[in-house]
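[1] generate a structure from the sequence data that follows.
(4 chains)
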Protein chains: 2
Amino acid sequence: MKRFGRLSVALHVLLHMAEQPDHALTSEQMARCAGTHPVVIRRSFAGLREAGIVSSVKGHGGGWRLGRAPKEITLADIQAALHESVVTLGQPDPAASCLVERAVDEALAGTMQEAERVLHARLARITLADLAAKVGPQMTAYLASLPSSSASSSSSSTLPPKGKPPHAL
Amino acid sequence: MKRFGRLSVALHVLLHMAEQPDHALTSEQMARCAGTHPVVIRRSFAGLREAGIVSSVKGHGGGWRLGRAPKEITLADIQAALHESVVTLGQPDPAASCLVERAVDEALAGTMQEAERVLHARLARITLADLAAKVGPQMTAYLASLPSSSASSSSSSTLPPKGKPPHAL
DNA sequence: TCTTCATGTAACATTGTTGATTACATGAAA
DNA sequence: TTTCATGTAATCAACAATGTTACATGAAGA
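    Below you'll find the model as predicted:
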């Protein structure tokens, strides 16, 4: 199986988008908030766009926004759209010349598939809205604890002020 | 998560060892049967030795053999002994400065842990003996289909004769 | 004791994959 | 027509896993 690198980055960004459905984010902003590079964002999010999870518009004033309501987006959707297959062990090689090898591959493949099914089922049960609901209260509590803020419209605003420049929320 | 590369190689070799409990195999023989390098075998199997799954003796006439009965060795044992953690996404970073990041990490970590539990439970239910039982019949049937054979004692013998040298059973 | 065989490891090379970066074409608004 | 932003290819760098070489250690046999 693979790590969840892309999935966590995408989720991070998507949650920010869910909080501000009113205006589009540029890949520049998204990259800053995820601590990565704009091109990396555009690459990953190309898959999400194809899946209708987000939409993007080019040109002046363009950017990215959610393609449908957060409660209609499951983590399984996102993972699939990222083309991030969980299982890395391929199918058992039917051309394997060794009987032992074939038997081993089959046994492991079956096991992996079950694990993948479990994982997928669980990811399918969590929506972006669920995560946002989990984050929201913490976020507002945090914002309330700040002296003053112009919170909702500037590019990246919801972080402790002294956060290192490359990784701002 | 990670691929099962080491696990399948180890299983492959262990099954061969289970078939011939009477005499030790050299890492040279094991490597040939798994299509890899002796040093790679010794590296991987160091973990198995620490776990008591196999034992090794140095020097003239030395080699490797199973440390206990195949039915006492589960795939979960083997995987653990290989230090091959299934989950690659680490724990959620408790020092993450971003609330969103933390929430995402926690949600994913929980999901991954469940998947890992499922995987482990299933691997723990399969023993080396189970796999051997699955392979055995096919193997004897295959051997029976051969014209003649001196099957059980030479170094590597259970493959179609024309199998490429580097990967012999 | 000396040779031979085999493990135990460290060190290094190779390979494959992922993410970062640069560069440039395309499209849309001002 | 200038500016901003996406879309995408190509290239680089970082990293992990594996393959390989080299050598020390230990055990059996001559």
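
[2] count of residues packed around A:Ser85?
    Neighbours of A:Ser85 under the rule other CB atoms under 10 Å in any protein chain shown: 12. The way it works is simple: take the backbone N, C-alpha and C, and place the C-beta from them, glycine included.

[3] does it count as helix, strand or coil?
    Three-state call for A:Ser85 (DSSP: H, G, I helix; E, B strand; the rest coil): coil.

[4] against B:Ser85, how distant is it?
    From A:Ser85 across to B:Ser85, the span is 19 Å (CB to CB, to the nearest Å).

[5] before we move on, what about A:Ile41?
    29 Å.

[6] do the same with A:Asp22
    42 Å.

[7] mind checking the longest helix of chain A?
    Using DSSP state H, we find that the single longest helix of chain A is helix A:99-124.

[8] now it: buried residues?
    Counting neighbours by 16 or more other CB atoms under 10 Å in any protein chain shown, one finds that the buried residues in helix A:99-124 are A:99-109, A:111-112, A:115-116, A:118-120, A:122-123.

[9] return the residues of chain A in contact with DNA strand D.
    A:25-28, A:38-39, A:42-43, A:45-46, A:49, A:56-64 (CB under 7 Å from any atom of the strand).

[10] quickly note the distance from the closest residue to DNA strand C within chain A to chain B.
    For chain A and DNA strand C, the shortest gap (CB to the nearest atom of the strand) falls at A:Gly59, measuring 2.6 Å. Noted for A:Gly59: a distance of 28 Å to chain B, by CB to the nearest CB, to the nearest Å.

[11] again, but for A:Arg42
    Separation of A:Arg42 from chain B (CB to the nearest CB): 20 Å.

[12] need the three-state assignment for that residue.
    Assignment for A:Arg42 (three-state DSSP): helix.

[13] before we move on, back to that, pull the distance from the longest helix of chain A to the chain's centre.
    24 Å (CA atoms, centre = their mean, to the nearest Å).

[14] okay, angle between it and helix B:99-124 too, please.
    140 degrees (axes from the mean of the first three to the mean of the last three CA atoms, to 10 degrees).
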